[in-house]
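Student: Kindly generate the corresponding structure for this input.
(one chain, ligands or ions: 1)
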Amino acid sequence: MTATFDIAAIRAEFPILSRRVHDGRPLVYMDSAATTMKPRHVLDAMRSFDEQHYSNVHRGSHTLAAEATEMFEGARTQVAAMLGANADEIIFTKGTTESVNLVAATWGRQHVQTEDVILVSAMEHHANIVPWQMVAAETGASVRPIPVLEDGSLDDASARQMLTADIRILAVTHVSNVLGTVNNVARLCAMARERGIVTFVDGAQAVQHGNVNVRDIGCDFYAFSAHKLYGPTGVGVLYGRREMLASMPPYQGGGAMIDRVSFAGTTYAEPPMRFEAGTPHLEGAIGLAAAIEWFRSIDCDALRHHEAELLAHATEELSRIDGMRIIGTSPNKVGIISFVVDGVHASDIGMIADRMGVAMRVGHHCAQPLMDRFGVSSTVRMSFGVHTSHDDVQQSVHAVAKAVEMLR
Ligand code: PLP
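Tutor: Next up, the predicted model:
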């Protein structure tokens, strides 16, 4: 497919965008950071798999089993190509959360010891905090956050100082789901590597905004979820550098993760199978492969340019609203805008905007430590997807302004 960017044509590919809500209002979907909608290409690929090729994978000798296995392993190859990795470095999980838990429960239990420090950032999603806290509680290690500056960027000077010999792993988000900040993960990983520190990057909010290459980043692990990349829920990816995966114990037991089972003892398969116990989410992997194929047909530079324009437009218009406080104004950010308005509850803004057809998210966005950092309990969050138009931005800002006017 040749890469192009035509917003009207892209919008036409999402059946759900023709939905109407609340007395026939057109849906303005501004919640792509929570989950992205599925284009027809992805929906068709999953249906076609189920209607034409469905079977369990890996252990059958019949035609459908062979076809399903080929498609499932083809999906793995597709993910690997997207990330610049090898297929045997790609593990299918339930999503980013499970990918973090997998590394914490295997590599973490194997390597983290009393007195060790797990370094995260203050802008992490709970998914990249809690699994590490669980390992810390078991081992006597501690979890320490790199501070976030007032504009929502990571405090690089502190990061540099905090990457000391007692750090066992640096687990940091590529893009913040609240602030939109893009962290310079390549630089952070390079600093960590120089000091022999293992690195985990949470890419849940990064993959849908452009190219990601794990070799360029230089991380040991990278995770993302299909449902934030125009694919289905229930499936995600853990990339692990080959040498890392090879030395790690299994995560769960059963199914295809074995080499040989006997009551005298069981030996395990090589990665990636070692980490995929039980029947995988087959339709999910097929849907993810279709999503990647579809996403790669979009001109990435044009998408970035479009998103930057939308961001500037929305930021400027929102800033005109009296009492507006945008949380996260780093110069390097994607199309995510979190805000609070003086004297008005975030949830009330969200509810009124919804009545006007605008879907935004309100809450702590699974980032309570970050909410504490900025002294708020919740924010309204507007987040853009590939389908987002200037008209969407206009209508969303209008809905927010109207809500504030009504609530004051
Ligand atoms: N990390 C970040 C930065 C996220 O934004 C999210 C979801 O919002 C997650 C992790 C968890 O993703 P999932 O719920 O798909 O496992």
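
Student: do the helix or strand harbouring Ala136 and the ligand meet at all?
Tutor: Element membership for Ala136, per DSSP states H and E: helix 130-139. No: against the ligand, helix 130-139 shows no contacts by Cβ under 6 Å from any ligand atom, the least distance being 10.7 Å. Glycine gets a C-beta too; all of them are placed from N, C-alpha and C.

Student: which other helices and strands contact the following helix or strand past that helix?
Tutor: On the C-terminal side of helix 130-139, the closest following helix or strand by DSSP H and E is strand 142-146. Secondary-structure packing of strand 142-146 (3 or more Cβ pairs under 8 Å, 6 or more residues apart in numbering; DSSP states H and E): strand 117-121, helix 130-139, helix 156-162.

Student: got the angle for strand 142-146 vs helix 130-139?
Tutor: 140 degrees (axes from the mean of the first three to the mean of the last three Cα atoms, to 10 degrees).

Student: about what we covered before: winner for burial among the helices and strands packed on strand 142-146?
Tutor: strand 117-121 (a mean of 24; mean count of other Cβ atoms under 10 Å).

Student: Tell me if that one is near the ligand.
Tutor: No: against the ligand, strand 117-121 shows no contacts by Cβ under 6 Å from any ligand atom, the least distance being 10.7 Å.

Student: just stretch 79-95 next, same as before
Tutor: Yes: Stretch 79-95 is in contact with the ligand by Cβ under 6 Å from any ligand atom, via Gly95.

Student: For this protein, which residues are neighbours of the ligand?
Tutor: Going by Cβ under 6 Å from any ligand atom, the residues of the chain near the ligand are 95-97, 125, 127-128, 173, 177, 202, 204-205, 225, 227.

Student: In the stretch 301-408 of the chain, what residue spans correspond to strands?
Tutor: 324-327, 336-341, 358-359, 361-363, 379-383 (DSSP state E, counting those that start in this stretch).

Student: and those strands, which is most packed in?
Tutor: strand 379-383 (a mean of 28).

Student: Next, the angle from it to strand 336-341.
Tutor: Using the same axes, to 10 degrees: strand 379-383 against strand 336-341 is 150 degrees.

Student: Could you export strand 379-383 as PDB, CA atoms only?
Tutor: Taking Å, rounded to 0.1, in the frame of the first residue of the first chain, the C-alpha atoms of strand 379-383 are listed here in PDB:
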ATOM      1  CA  THR A 379      -9.000  16.300  34.600                       C
ATOM      2  CA  VAL A 380     -11.000  16.400  31.400                       C
ATOM      3  CA  ARG A 381      -9.000  14.800  28.600                       C
ATOM      4  CA  MET A 382      -9.400  15.300  24.900                       C
ATOM      5  CA  SER A 383      -7.300  12.900  22.800                       C
END
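
Student: where does this structure have low pLDDT?
Tutor: Low-confidence segments of the chain (pLDDT under 70): 1-4.

Student: follow-up on the earlier one: how about the helices and strands packed on strand 142-146 in CSV, adding distance to Ala68?
Tutor: Listed next are these as CSV, based on distance: least, Cβ to Cβ, whole Å:
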stretch, distance to Ala68
strand 117-121, 38
helix 130-139, 31
helix 156-162, 45
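
Student: any idea of the angle the helix holding Ala136 forms with strand 117-121?
Tutor: Using the same axes, to 10 degrees, helix 130-139 lies at 160 degrees relative to strand 117-121.

Student: So which of the helices and strands packed on strand 142-146 is nearest Ala66?
Tutor: helix 130-139 (36.6 Å; Cβ to Cβ).

Student: helices or strands next to the closest one in the packing?
Tutor: helix 96-103, helix 109-111, strand 117-121, strand 142-146.

Student: ok, and what's touching that helix?
Tutor: Residues outside helix 130-139 that contact it (Cβ atoms under 8 Å, 6 or more residues apart in numbering) are 97, 100-101, 103-105, 108-109, 112-114, 116, 118, 120, 141-143, 169, 171.

Student: tilt between that helix and helix 96-103?
Tutor: For helix 130-139 against helix 96-103, the angle between stretch directions is 20 degrees (the same axes, to 10 degrees).

Student: how much distance is there from helix 130-139 to the middle of the chain?
Tutor: Centroid displacement of helix 130-139 relative to its chain, using Cα atoms, centre = their mean, to the nearest Å, is 21 Å.
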